[in-house]
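Peer 1: need a structure here:
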Amino acid sequence: MLKRIALVVIALVGISFASAKSYTVRISDACQAGKIQLQPGEYKVKVEGSKVILLDSRGRTIEAPAKVEEVNEKFPYNSVATSRTEQGVRLNWITLGGTKTRIVFED
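Peer 2: Got it, this is the predicted structure:
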């Protein structure tokens, strides 16, 4: 009985994780996302309510402080905007293709 309950819980967790849509973006330079340092590479981006989760190519989960905004029109593709500052490269925002969602990274 306990094994069945455990299997059902595992299946439900797997389904809920799989149903969360993720988007892939490439970051070309090391940069700061708020207080988080990101290395160059490919990241999967998930938005869960107001929480933004980045998953790097090694499978590490990174939660970065950000604000999720909805705009009027859908973005045609995923994109990343960075800027160079005196402190280095800063990640400004990520847009999620096919959605009206822009993730704005705060200092």
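Peer 1: Excluding covalently adjacent residues, which one is nearest to the residue nearest the centre of the chain?
Peer 2: For the chain, residue 45 is the residue whose C-alpha lies nearest the centre (Cα atoms, centre = their mean; 2.6 Å). Distances taken as Cβ to Cβ, 6 or more residues apart in numbering put residue 23 closest to residue 45, at 4.7 Å, once the chain neighbours are dropped. In short, each C-beta sits where N, CA and C put it, glycine included.
Peer 1: Just the buried residues of the helix or strand containing the one you found, please?
Peer 2: When elements are assigned from DSSP states H and E, residue 23 belongs to strand 22-27. Within strand 22-27, the residues that count as buried by 16 or more other Cβ atoms under 10 Å are 23, 25, 27.
Peer 1: With stretch 36-55 instead?
Peer 2: Here stretch 36-55 shows 38, 43, 45, 46, 47, 52, 53, 54, 55 as buried, counting by 16+ other Cβ under 10 Å.
Peer 1: what about that stretch, start to end distance?
Peer 2: One end of stretch 36-55 sits 13 Å from the other (Cα to Cα, to the nearest Å).
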